[in-house]
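> Any chance you can model this:
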Amino acid sequence: MKRIVVSTLLVALLFSASAFVVQAATPDDAKAFAEKAVAYWKANGKEKAVAEFNNPKGQFVKGDMYIVIQGFDGVLLANGGNPALVGQNHLELKDPNGKQFVKEMVEAAKKGGGWVTYSWTNPVTKKIGTKKAWIKQIEGEQAYVNCGVFQ
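Alright, predicted model coming up:
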């Protein structure tokens, strides 16, 4: 009888624990997160938005998803994954495969938005992986929102 009770408790614990497993973010999640960031910028203005996007514990950092704001000149205005990068110019930055992905992001933003795929370090695993990012120009600004997910 004791064995049945213990087995039942273990099974119940296993099912309960599985409810806490974080589901990996999807490209649709990244796009929605980026669109939410654009709406936040429009509603709250540049200064408040940039401060919130740079807050690693704020509403725009969720697991391995975070918001990046970059000017068309390549200068980072916000990076929820690594705020220490703010102010740096990454226009000529290449991923580990030599792809100039920031230039590709600028071009995507100028065309109204789109997806850019590149290699990058996952802030959760600390390993390089393939990242697919949704790019969207901020209306009236020479800057864009970038939010991606690792695949």
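> Run a quick neighbour tally on A109.
23 (other Cβ atoms under 10 Å). For the C-beta atoms, the positions are set from N, CA and C on the backbone; glycine is no exception.
> what about the closest residue to it other than its chain neighbours, which SS state?
Nearest residue to A109, sequence neighbours excluded (Cβ to Cβ, 6 or more residues apart in numbering): Y144, at 3.5 Å. Here Y144 is recorded as strand under DSSP: H, G, I helix; E, B strand; the rest coil.
> ok, what's across the strand from Y144?
Beta bridges link Y144 to Q70, Q137, judged by DSSP bridges.
> For whichever strand or helix holds G148, C-alpha coordinates in PDB please.
Element membership for G148 (DSSP states H and E) is strand 143-150. What follows is strand 143-150, C-alpha atoms only, in PDB (Å, rounded to 0.1, in the frame of the first residue of the first chain):
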ATOM      1  CA  ALA A 143      15.900  53.400 -35.700                       C
ATOM      2  CA  TYR A 144      14.300  49.900 -35.500                       C
ATOM      3  CA  VAL A 145      13.200  47.300 -33.000                       C
ATOM      4  CA  ASN A 146      14.800  43.900 -33.100                       C
ATOM      5  CA  CYS A 147      13.500  40.900 -31.200                       C
ATOM      6  CA  GLY A 148      14.700  37.400 -32.000                       C
ATOM      7  CA  VAL A 149      14.400  33.800 -30.900                       C
ATOM      8  CA  PHE A 150      16.900  31.000 -31.000                       C
END
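> contacting residues for the residue nearest to A109?
Shown in contact with Y144 (Cβ atoms under 8 Å, 6 or more residues apart in numbering): 69-70, 72, 105-106, 108-109, 113, 135-138.
> how near is it to L76?
Computed as Cβ to Cβ, to the nearest Å, the Y144 to L76 distance reads 11 Å.
> Pull up the overlap in contacts between these two.
In contact with both Y144 and L76: 69-70, using Cβ under 8 Å, 6+ apart.
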